[in-house]
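*Asks:* let's see this in three dimensions:
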Amino acid sequence: MVKPLILASTSVYKKKLLERLNIGFTCASPKTNEEPISNEQPQSLAMRLAKEKALVVAKSHPEAIIIGSDQVGEHNGNILNKPGNFDQAFKQLSTQSGQTVYFHSAVAVAYTCKTGETSIETAINSTKVVFKDLTPQQIEDYLKIEQPFDCAGSFKSEGLGISLFNSIDSNDPTSLIGLPLIELCNILKKYNIKIPDILN
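*Replies:* Next comes the predicted model:
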């Protein structure tokens, strides 16, 4: 019997990424608190939230395979939040101009069996992004066009945001968008989910 697959997220970006794998799945909101714990490091925050999202949904969906993920931006050791509006996004991109910023994308896959025992597999992928020296006018023009106010770092790398960078250093191009598919494929194989059949 094929186990149901659930993405513990309502993010349209993560949904589009998972659709690339051509496997059936549904989405469920994990409704977790994403605030960092005092002195929590960016990578630790990304992993903790990915695990919490997967485990919360797994509790209410026994015998389903749950995918949780989270991305945290880091600049000079500080956590980058989603801007939420134009002014905050402008401030964030101005600070990142000419700088090196890291984006940590964690993924966790959880499964609760009939006996109530839960297993979980995790992975994390980090991407190094070097921003161009951006003028205030360039930042304003970009934000007006793409309005990436719900994105950590205030850009959409899958869209026009790619023009803001000098370089990207990552072993998984999907990681910067928020869901590292290479890592996820490796984990799902452990749960006997074939992506696609010809590769298994």
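*Asks:* what residues sit buried inside stretch 87-101?
*Replies:* Neighbour counts using 16 or more other C-beta atoms under 10 Å place 89-90, 92-93, 95-97, 101 of stretch 87-101 among the buried residues. In this view, the C-beta of every residue, glycine as well, is placed from N, C-alpha and C.
*Asks:* which ones among these map onto strands?
*Replies:* Among the buried residues of stretch 87-101, the members falling in strands (DSSP state E) are Val101.
*Asks:* for Lys128, which non-adjacent residue is spatially closest?
*Replies:* Asp169 (4.1 Å; C-beta to C-beta, 6 or more residues apart in numbering).
*Asks:* same check, this time on Thr122
*Replies:* Ala108 (4.6 Å).
*Asks:* and whichever strand or helix holds that neighbour, which strands flank it?
*Replies:* For Ala108, the host element (DSSP states H and E) is strand 100-112. With DSSP bridges as the test, strand 100-112 is paired with strand 65-75 (antiparallel), strand 118-131 (antiparallel).
*Asks:* quick one: mean pLDDT over that strand.
*Replies:* In this model, strand 100-112 has a mean pLDDT of 96.
*Asks:* now the most far-flung residue of the chain relative to its centre, what's its secondary structure?
*Replies:* In the chain, counting by C-alpha atoms, centre = their mean, Thr115 sits farthest out from the average C-alpha position, at 30.7 Å. When classified by DSSP: H, G, I helix; E, B strand; the rest coil, Thr115 comes out as coil.
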